[in-house]
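3D, please:
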Amino acid sequence: MSPDKAEESLTKALEGDVSSRGSRSALLVFQAVARAYASHYERKNGTVEEVTAYCPLCGSESRTMVRVGEEYLLVCHLCGYAWRVSRKTLACPFCGNSNPFSIGIFMDKDGRLGLAYCQECGSSWRVVLDERVASAPRILLPLLALAAERLRGALPGGASGEELHEGSSEGQLGGGNDEAQGQQ
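Numbers count the residues shown, from 1 in each chain. Just a heads-up that it's a prediction; the model follows:
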């Protein structure tokens, strides 16, 4: 494959089109390089503290947060880097809100996984709360956290964070079901 064709395949894959020949392979190679870079960066520089939902290394959006001790880290699904969003108190990685009365977590009945919701900006993200689950290899954490998506129906209007910005139910935590209870 020519370098121009490889670049075109990678560009399409990064835009979500994996139908063209070579795009999946290009994406896997890119991810391997990104993970190697993130691992090297972390060994050399440690963990960055930044209140953002976008990976400080590769720029990918993350919706996977992990609680480790008293720290809340976001994990990049592409490069695997984890950066600290907050200590002790949960903070919204999208708007920086850390008011405990306007951020809720809908948890599974075992308290291992949750779906967090910010009333200020209407964003939602998955949270791994159990340290045993959080100790899994970092490459698996976004996949494990996907199980929290079953709690999405507990969000106001049962909508995703993007839909809440336009809906009339924004800013109201409530509802829930037997398995998901809002916590503040």
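
and this protein, what are its domains?
1-45, 47-183 (automatic domain parsing).

Could you pull up the mean pLDDT of the longest one?
Spelled out, that is domain 47-183. On average, the pLDDT along domain 47-183 is 80.

Distance from that domain to the middle of the chain?
6 Å (C-alpha atoms, centre = their mean, to the nearest Å).

Give me the longest helix you can find in the chain.
helix 23-45 (DSSP state H).

what's the following helix or strand after that one?
Next helix or strand after helix 23-45 toward the C-terminus (DSSP states H and E): strand 64-68.

can you list contacts of the next helix or strand after that next one?
Once strand 64-68 ends, the next helix or strand along the chain (criterion: DSSP H and E) is strand 71-75. Strand 71-75 is contacted from outside by 47, 53, 55, 62, 64-67, 81-87, 90-91, 93, 125, 127, 138, 141-142, using C-beta atoms under 8 Å, 6 or more residues apart in numbering. To be clear about C-beta, it is placed using only N, CA and C from the backbone, and glycine gets the same treatment.

make it 6 Å
Residues from elsewhere that reach strand 71-75 (C-beta atoms under 6 Å, 6 or more residues apart in numbering): 62, 64-66, 82-87, 90, 93, 138, 141.

how about it: buried residues?
Tyr72, Leu73, Leu74, Val75 (16 or more other C-beta atoms under 10 Å).
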